[in-house]
Structures are given as structure tokens and as C-alpha cells.
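[1] quick one: sequence and predicted model below, then my questions.
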Amino acid sequence: MQRYILRRLLQGALLLFIVALVVFALARVSGNPIDLLVREDATAEDRAHLQKALGLDRPMHEQLYIFLTGAVRGDLGQSIRYRRSAAEVFFERLPNTLKLLPLAMAGALAIAIPLGVLAAVYRGTLVDRLAGGLAVLGIATPQFWLGIVLIYVFSIQLGVLPSARMGGPSHYVLPAVTLGVFLLAGMMRLVRSSLLEVMGSEFVKLARLKGLSQTIVIWKHCLRNALIPVVTLFGVYFALLVTGAIVTETVFAWPGVGRLTYEAVIFRDYPLLQAVILLKAVIVLSVNLVVDILYAYLDPRVRYA
Amino acid sequence: MASPGRVVLEVRDLHAYLYTRWGVVRAVDGVSFALREGETLGLVGESGCGKTMTALSVLRLMPEPAGRIVQGQVLLEGEDLVTKSESEMRRVRGRRISMILQDPQTSLNPVFTVGSQIVEALRMRYADGVDALRRLAEEALRRVKVAAPAERLRAFPHQMSGGMKQRVVGAIAVAGEPRVLIADEPTTALDVTIQLQYLVLLKEIQARTRLAMLFITHDFGIVARMCDRVAVMYAGRIVETGPTRALFRAPRHPYTAALMASVPRMEASVERLPSIEGQPPLLHHMPVGCRFAPRCSYVDDRCRREYPPVVPIGPAHEASCWRVEPSPPSR
Ligand SMILES: Nc1ncnc2c1ncn2[C@@H]1O[C@H](COP(=O)(O)OP(=O)(O)OP(=O)(O)O)[C@@H](O)[C@H]1O
Ligand SMILES: [Mg+2]
């Protein structure tokens, strides 16, 4: 187990290195930040001065070296817009996102599992078809559009829920729903199909042969097996959520790291963008590692060597 | 051979169909047999003739939602199971009728320990506490000759060999002390020496508890070793039933004869019955008369028109064929 974790950590480090390279390259091909930073009447000397101050006049490989060695030490550079450490800005915003993601995740799971089970148990019936229709709708609906529609209905027309920014519990409802719907739809379909597969297996027949009730057979014998693929994909779902948070947080003016990503792009604050992407990658990778360890608990056949 | 006891399970004219997209599969189409205490009845026939479906419909566990019993009775000690509710059936399964499934490798749930799966079966029967149940489970494993049973209880199925899993499945099947045990080709997945040990074990359990056994197999060698009587099934029906010895000495139905002729020696073991000329009929497209008629070398017009009646031949020996002459039961 320890060797497995060590190997995974090394793999993670390698992945992060690749992410860093890509991020570094992308930030430099997407436009010159100097153009955004100086006033329009700036002279060539002003520009050169600023370029020098930011280290942008040095050759690429030197810039990369500075970036990487800094990153290893935890120094991800100064945000151009905030004129502060980019990492500091990120960690200031992170708690706001961390309040939203688990809520969306838990909500999606809490609905997806029972709904998926119902759809599988009553396959082919109206329940199944309704759930299937909802899932297609959930997957096909663009997040920004759903967010805007929800704001229109619940904030503007009905006036029951706040539309923007953080606040009391009611502020969480619309962003969490917007973020969770996509996840819910995918998970529900997965629970349904993997449960159907499990329900056809021999050990389910054996469980029924023992005289166990259908309820115990489904919720104990089938579901435990059916959830294995759901847990396997948990890391993917989490990554999707982190990405989805960019749109949702922007629509709802939610001061989290998703919105921060958006800001960094819009203002070409590339040190901040580099920091945000790298730190998000670290988080996604750590969550994946934890999930894979949990996975061993669910499926005893998994061996970590 | 045990002395014949009273009848525990009697199946009368059972019809169980599968309603599929391609039509109605008449997997069990008028099956009748009786099973006595302490007796083993062999059920043989080519692959796909409906042996497993017969067993599953007795337990009312046909594939859902396609399978349905459309006609007939399943009398367990006089009570009809066909009309019982699902919750009543739950009290029958495991406690009064058990079944060993065709594939032992996949019959155990991979995510639970062997111990918890045995305990679960025991709990259906005994209202004892967890510790007592675990001791019973240990005892159950010891009885099917699993070494170091206490440790084995903590193992997961994937940590066991095929033969060991088979024993566990056997232990689960008899945990509730059922009156009837259906064994669906319980040894096909095992190699020959382990097969033999397992069969001996089943016989021992039977001798101790006077179990009535329905033993489904392809293997005439195993039939000769295990069964007091044999029922030969073809395309959803039993075409001949008789005491093992009488049936082996003088098979009366042309299908039985063809089946046995296709096995080189009686003790020979075959995975699947070697093919007789032609194919069995599709079970959703059954011929009108005798189902074997298209493949039978003695076929005449009447065979194609009408299904033959059951003709008594000798003591407990009968066949469904127009060619068979009834003989009065000999004294
Ligand atoms: N789930 C199912 N849906 C539709 N048809 C099925 C299903 N399971 C079995 N059948 C059909 O029912 C018929 C009887 O199958 P059954 O499993 O009882 O055969 P069997 O005699 O046990 O064969 P084998 O010796 O191969 O186990 C077969 O023709 C098969 O194609
Ligand atoms: Mg079968």
C-alpha cells in the first residue's frame, strides 16, 4: 500500500510538471500581457521598463526555469491584477468554492443513487422513462443557460432566491443546483446501467435463493457492486465539477476559484492563471488518489502492488 | 440406494415461458415429476432443453420480467408453490428448497466475505446472535470439508480456489437444512478428482439429512454414480423417466437411446452431449406433434400430427412415444 501511494505521488509529480509546461506555454501564446498593463500613451521605454520588471525580456528557457523553481518552492509569482502573490489570492478564494462543490456533489449523489436504483428496478416503466428523459435533459443543458434560466425564474419572476454573491443558506441553492444537475444526470445513468448489469449476475440469484427480500438483495448485494464504477469515475466527476465551477461561479458572481480563473483569463493575468491551473491540478490529483484508496475498501479484489 | 420415502416435491404439468422480443420461449412446457425423500433424480438433456428453467421455476426465480409460470402445480409437501405470494416463497427458499447454481465461480458476491454470506443464509433459518451464527457457519464449512474454516470465513471469494468456492456454495445451500436440493450441473467447472470428492460429499450430506435431490447434468457417468432415477428432457418436456439401471439397460424413447448411443461408454464424461443428427427445435417455434420427430429415425405421420401420451413401461418407468408398447407393471 505504501509503495502504491509513493508510486502514485511520483506519477502525480510528473503530471504536474507536464501541466506546468503546458500552462507556461499557453500563457505566452495567448497575447502579450504588457499591452493590457500599460496605458495607451505609454512610450516604448515605459514598455521596456515594465517588461524588464516582470522578467519578460529574458529568454524563454530562463523564464521557464524561474517559473518552475519558484513553483517547487510554492512561489507561483505575483498576480498582475491584484499585485499580490498569486497563490495567496487562490487560497483566499478556495474556501468559497469548497463550500459549493461538496454541496453540489452530495446533492447529486443523494438524488442520483435512489433515482438510478428506481429506474433500474422499474426498468421499461414510466418511472424509468421519466428518469431517462430528465437525465438527457440534464446532460444536454448548457450550465450557463441553466444558471440564467434559474435566476430568471426563481430570482426575477418568483423572487424567492437570491441570484448572486455569497450570503446565507439561500444563496447556495441556485449555484449548487446549476453545478449539480449535470453531475446528477450522468451519475444516475451510470448507477442504473451498472445496477442492471449486477442484477443479472449469479450471486444475485444466490442471494434470492437464500430467501433474502428483494429490498436487501438490491440495496445490499447489488448496490455495493454497482457503486464500484461510480466511485471509479468519482475523480472524473470531481474534475468536471472544478471545471463546471468556472461557468457557475461566473454566472452567479460567486467569489470562488472558478470565477478567479475567469478573471485571470479575461485580464490576461497570466501569473495568476498559471497559479490557478496548477493549484487546481494539485487538488484534482489529490482527490483522485484518495478516491483510489477508498476504492480498495469497496472492492476487495483490488490489489495495490 | 436409499429406500423410497414419501414424496416431498411433485411437479405437475408445469409450463413456464419466457416472453422475449423474439417471441414466447416455451422453456418448460408440460413437465411432471415426483421427488421422494432421500432420493436423487437425474435430469438430463441437451443444452438449452430447459433444465435450468425447470429448476428456477420450481423456486419461482425465473429471469425477470420475461419469465412466467403459465400453468401447472409445484407441490412441496402438498402445498402448491405456484400460488404462493413472494413473501411466502422467501420462506420456502433456502429453508425448504435450495439450489446450487450452475456456475460456482460467480455465485458468490465478490464484495462480501465468505463468512458473512454463509451467516446471511443461516440467519434466515436461525434466530441466534451473530457469534452463534458465526460458529454455525464455521461448522457448516467444516461439514463440507473446508480446512481451517475459521480463517476461511474471513476470506473473500476471489481468495479461494474453484473447488473451495464450490464447497462454500454447497454449504450455503444446505445451511438452512432444506428438504429438497436442486443441483444444477454442480461440477462442470471442476477438474475430475475434485468433482468426485464433491459428489461424494453431496451423497454424504444426503445420507445424513435424507435430502431429496434433483441433479441436473450432462454427464451420464455422473448419472450412473449419483442418481436413483433419471428423467430425460427434450425441448421443454420430459420424454422418458425411469430407474437409472432400467433406463440404462433398455432406453425406450428414441431420444434417450440416441443420447446414450452418442456416449462411447457409460462412464465416459462429456462436457456437452455430443450432437445427435439435426438440431433441437427452437423453443419459440415448436413443431406440432412430437418434438423429436424431425430428428427421429422411426418417425411416421402420427408423430408429426400429435404429441404422444405418456406410456407406462415398467416399475416407475415411462416414456412419451407412439412406438412404445405399454406393459403392465410387473410384479
Ligand atoms: N434470460 C433468458 N431470456 C430468454 N430466453 C432464455 C433466457 N434464459 C434461457 N433462455 C432460453 O430458455 C431455454 C432453456 O434454457 P435453460 O437454461 O433452461 O437450458 P438448460 O437445459 O439448462 O441448458 P444448459 O445445459 O446449457 O444449461 C433455452 O432455449 C434458452 O435459450
Ligand atoms: Mg442450465
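    Yep, it's here. Ligands and ions are numbered 1, 2, ... in the order given.
[2] and residue A:286, how many neighbours?
    Using other CB atoms under 10 Å in any protein chain shown, residue A:286 has 12 neighbouring residues. The C-beta positions use only the backbone N, C-alpha and C, and glycine is treated the same way.
[3] and the stretch 151-300 of chain A, which residues reach chain B?
    Neighbours of chain B within the stretch 151-300 of chain A, by CB under 8 Å from any CB of the partner chain: A:200-203, A:205-214, A:221, A:224-225, A:228, A:298-300.
[4] which among the residues you listed end up buried?
    A:201-203, A:205-212, A:221, A:224-225, A:228, A:299-300 (16 or more other CB atoms under 10 Å in any protein chain shown).
[5] report the contact partners of residue B:235.
    B:29, B:49, B:50, B:280, B:281, B:283, B:286, B:291, B:292 (CB atoms under 8 Å, 6 or more residues apart in numbering or on different chains).
[6] so what does the last one look like in phi/psi?
    Comment: the main-chain dihedrals of residue B:292 come out as phi -90, psi -10, following degrees, to the nearest 10.
[7] what is the neighbour count of it?
    Counted with other CB under 10 Å, the neighbours of residue B:292 add up to 27.
[8] let me know the pLDDT of the residue in the stretch 51-200 of chain A that ligand 1 sits nearest to.
    Taking CB to the nearest ligand atom, ligand 1 has its nearest neighbour within the stretch 51-200 of chain A at residue A:200, 8.3 Å off. On pLDDT, residue A:200 comes in at 89.
[9] that one and residue A:67, how far apart?
    Residue A:200 sits 53 Å away from residue A:67, taking CB to CB, to the nearest Å as the criterion.
[10] also residue A:23?
    Distance of residue A:23 to residue A:67, computed by CB to CB: 9 Å.
[11] between the two, which contacts overlap?
    Joint contacts of residue A:23 and residue A:67 (CB under 8 Å, 6+ apart) are residue A:274.
[12] low-confidence ranges, the chain, go.
    Defaulting to chain A. Where chain A drops to pLDDT under 70, the residues are A:30-31, A:33, A:36-37, A:39, A:303-305.
[13] right idea, wrong chain: chain B
    B:1-4, B:263-277, B:327-331.
[14] mind listing the strands for it?
    Assignment of strands within chain B using DSSP state E yields the ranges B:7-20, B:23-36, B:40-44, B:67-76, B:79-80, B:97-100, B:180-184, B:212-216, B:229-234, B:237-243, B:310-314, B:317-320.
[15] deepest of the ones you listed, which one?
    strand B:97-100 (a mean of 28; mean count of other CB atoms under 10 Å in any protein chain shown).
[16] by contact count, what packs against that strand?
    For strand B:97-100, the packing partners by 3 or more CB pairs under 8 Å, 6 or more residues apart in numbering or on different chains; DSSP states H and E come out as helix B:51-58, helix B:162-175, strand B:180-184.
[17] could you redo the last one with a cut-off of 7 Å?
    Applying 3 or more CB pairs under 7 Å, 6 or more residues apart in numbering or on different chains; DSSP states H and E, we find strand B:97-100 packed against helix B:162-175, strand B:180-184.
[18] and chain B, which residues reach ligand 1?
    B:18, B:20, B:25, B:27, B:45, B:47-53, B:63, B:66, B:102, B:283 (CB under 6 Å from any ligand atom).
[19] residues in a beta bridge with residue B:11, which ones?
    On the basis of DSSP bridges, residue B:11 is bridged to residue B:33, residue B:74.
[20] that one and residue B:307, how far apart?
    In this view, residue B:11 and residue B:307 are 18 Å apart by CB to CB.
[21] next one: residue B:219
    With CB to CB as the criterion, residue B:219 and residue B:307 are 29 Å apart.
[22] how about residue 27, nearest residue that isn't a chain neighbour?
    Using chain A here. Among residues not flanking residue A:27 along the chain, residue A:270 sits closest, at 3.7 Å (CB to CB, 6 or more residues apart in numbering or on different chains).
[23] my bad, chain B
    Among residues not flanking residue B:27 along the chain, residue B:53 sits closest, at 3.8 Å (CB to CB, 6+ apart).
[24] how many neighbours does that neighbour have?
    By other CB under 10 Å, 25 other residues sit near residue B:53.
[25] for residue B:191, which of the helices and strands packed on strand B:97-100 is the nearest?
    helix B:162-175 (8.1 Å; CB to CB).
[26] CSV for the strands of chain B, including distance to residue A:5?
    Putting the strands of chain B into CSV (distance: least, CB to CB, whole Å) gives the following:
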stretch, distance to residue A:5
strand B:7-20, 49
strand B:23-36, 52
strand B:40-44, 53
strand B:67-76, 48
strand B:79-80, 58
strand B:97-100, 42
strand B:180-184, 44
strand B:212-216, 49
strand B:229-234, 56
strand B:237-243, 60
strand B:310-314, 69
strand B:317-320, 67
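[27] could you pull out the helices for chain A?
    Ranges of helices within chain A are A:2-29, A:33-37, A:44-54, A:60-72, A:86-121, A:126-140, A:143-150, A:170-199, A:202-209, A:214-216, A:223-232, A:234-251, A:257-266, A:270-298, based on DSSP state H.
[28] how about those helices, which one is nearest residue B:236?
    Closest approach to residue B:236 among the helices of chain A (CB to CB): helix A:202-209, 20.9 Å.
[29] tilt between that closest one and helix B:51-58?
    30 degrees (axes from the mean of the first three to the mean of the last three CA atoms, to 10 degrees).
[30] does helix A:202-209 reach ligand 1?
    No - applying CB under 6 Å from any ligand atom, one finds helix A:202-209 separated from ligand 1 by no less than 11.4 Å.
[31] put the alpha carbons of that helix into CSV.
    Provided in CSV are the C-alpha atoms of helix A:202-209 (Å, rounded to 0.1, in the frame of the first residue of the first chain):
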residue,chain,number,x,y,z
GLU,A,202,-25.4,-15.3,-10.5
PHE,A,203,-24.7,-14.1,-7.0
VAL,A,204,-27.9,-12.1,-7.1
LYS,A,205,-29.7,-15.3,-7.9
LEU,A,206,-27.9,-17.0,-5.0
ALA,A,207,-28.9,-14.2,-2.6
ARG,A,208,-32.5,-14.6,-3.6
LEU,A,209,-32.1,-18.4,-3.2
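[32] on contacts alone, who are the packing partners of it?
    Helix A:202-209 packs on no helix or strand, going by 3+ CB pairs under 7 Å, 6+ apart.
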